[in-house]
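> below are the sequence and a predicted model for it; my questions follow.
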Amino acid sequence: MKKIRKFLFNGLLVVIKIFVLGLLLALVLRVFLFSSFHIPSDSMAPAILAGDYIIVNKQIPGPRVYKNFKFRKGGEIETRRFKGIRAVKRNDVLVFNFPYTSDWNKIRMDIGVNYLKRCIALPGDTFSIENGIYIVKGITDKLGHYEREVELSQKADSL
């Protein structure tokens, strides 16, 4: 009987260790490597539809971690972004928190609201929209969802 109890106890310890290690591995993967997001709107249609789930590679911009958790009590959000594997490029799809301002001196973010958009222009670019087509000065590549831009450019103005 004693041997059976010891065997069951050791087996339970192994199961608990595997469970804890699995949770730690999942946490590390979620914080530093990738995250999943549910898409609430059709703003990226037809490429990404409302209701889709996507997995985001956090290694491109670099993972972002919280310096503190004061924001849970209404405090300021402080984060640190680790170095990524490359810079964001045109036509990359980005997930970011909703930016807002409570005064004109500072932009804050709402960590409860995520946006999903395509990067069309980079800092320093001159961006314009001409007849529904995205234009970045000096760039000849098709930007955004070009077929949708052409489709929209052919519709009559509603004004």
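Perfect, thanks for sending it.
> show me where this structure has its helices.
Listed in chain order, the helices found in the chain under DSSP state H are 2-28, 146-153.
> please name whichever of those is nearest to I55.
helix 2-28 (13.7 Å; CB to CB). Using the backbone N, CA and C atoms, a C-beta is placed for each residue, glycine as well.
> what residues does I55 make contact with?
F34, S35, S36 (CB atoms under 8 Å, 6 or more residues apart in numbering).
> of those, which is the nearest to F96?
Minimum distance to F96 across the contacts of I55 is 12.1 Å, recorded for S35 (CB to CB).
> how near is the nearest residue to the closest one once chain neighbours are set aside to I48?
Leaving aside its sequence neighbours, S35 sits nearest to V56 (CB to CB, 6 or more residues apart in numbering; 5.1 Å). In this view, V56 and I48 are 12 Å apart by CB to CB, to the nearest Å.
> do the same with G138
For G138, the distance to I48 - CB to CB - is 28 Å.
> of these two, which one has the most company?
The neighbour comparison of G138 against I48 (other CB atoms under 10 Å) goes to I48, with 17 against 7.
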